[in-house]
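Chemist: Please find the sequence and the predicted model below.
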Amino acid sequence: MTIALFPGSFDPFHNGHLEVVERASRLFDTVVVAAMRNPQKASALFNLEERKELIEAAVGHLTNVEIVGLSSLVVQLAREIGASVIIRGLRAVSDFENELQMAQMNRQLSGIDTLFIPTSSVYSFVASRLLREVASYGGDVAGFVPAPIASAIAAKFN
């Protein structure tokens, strides 16, 4: 059985993330989506438990996807769950440099390879940071996130 780990802060989880999960779910027996606490990022829109619940709602149609929380090194979780690969989504060439460094570090630490899945061009500009900003000024982000997440974002700002 092949297990893939897709880690990220997912604050909020958006359609680009969903596309990566859907594509990975066709390639691997199990995809574990790990919502992470990222101390390097500004305060979160959703706490970790909220993010896990929202991601579960967004990927409920995928029977081989599991959701977990993560507050340790990605490679530690990868080992614990028996992942053979780490999945990372790429929106643009500018994402690649940082993602490559992380992939190389993870490989050195654990021997686990990283598979990059580029998003479709329709999602290449969608970033959680931008969605938080647009929503904070009253903008409608419903077209960029799964429906359960759009409702939760609206509730945060109303």
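Modeler: In hand now; what should we look at? This structure is a prediction, so every number in the text was calculated from the model and none was measured.

Chemist: I'd like to know which elements the strand or helix carrying residue 102 is packed against.
Modeler: Under the criterion DSSP states H and E, the helix or strand holding residue 102 is helix 93-110. Counting contacts by 3 or more Cβ pairs under 8 Å, 6 or more residues apart in numbering; DSSP states H and E, the secondary-structure elements packed against helix 93-110 are helix 74-81, strand 85-90, strand 113-118. Bear in mind the C-beta positions are built from the backbone N, C-alpha and C, glycine included.

Chemist: Any chance of CSV for these, columns mean neighbour count, distance to residue 98 and mean pLDDT?
Modeler: CSV is the format used below for the helices and strands packed on helix 93-110 (neighbours: other Cβ atoms under 10 Å; distance: least, Cβ to Cβ, whole Å; pLDDT from 0 to 100):
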stretch, mean neighbour count, distance to residue 98, mean pLDDT
helix 74-81, 18, 14, 95
strand 85-90, 21, 10, 97
strand 113-118, 15, 12, 96
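
Chemist: mind listing the helices for this structure?
Modeler: Listed in chain order, the helices of the chain (DSSP state H) span 15-27, 48-58, 74-81, 93-110, 128-136, 147-157.
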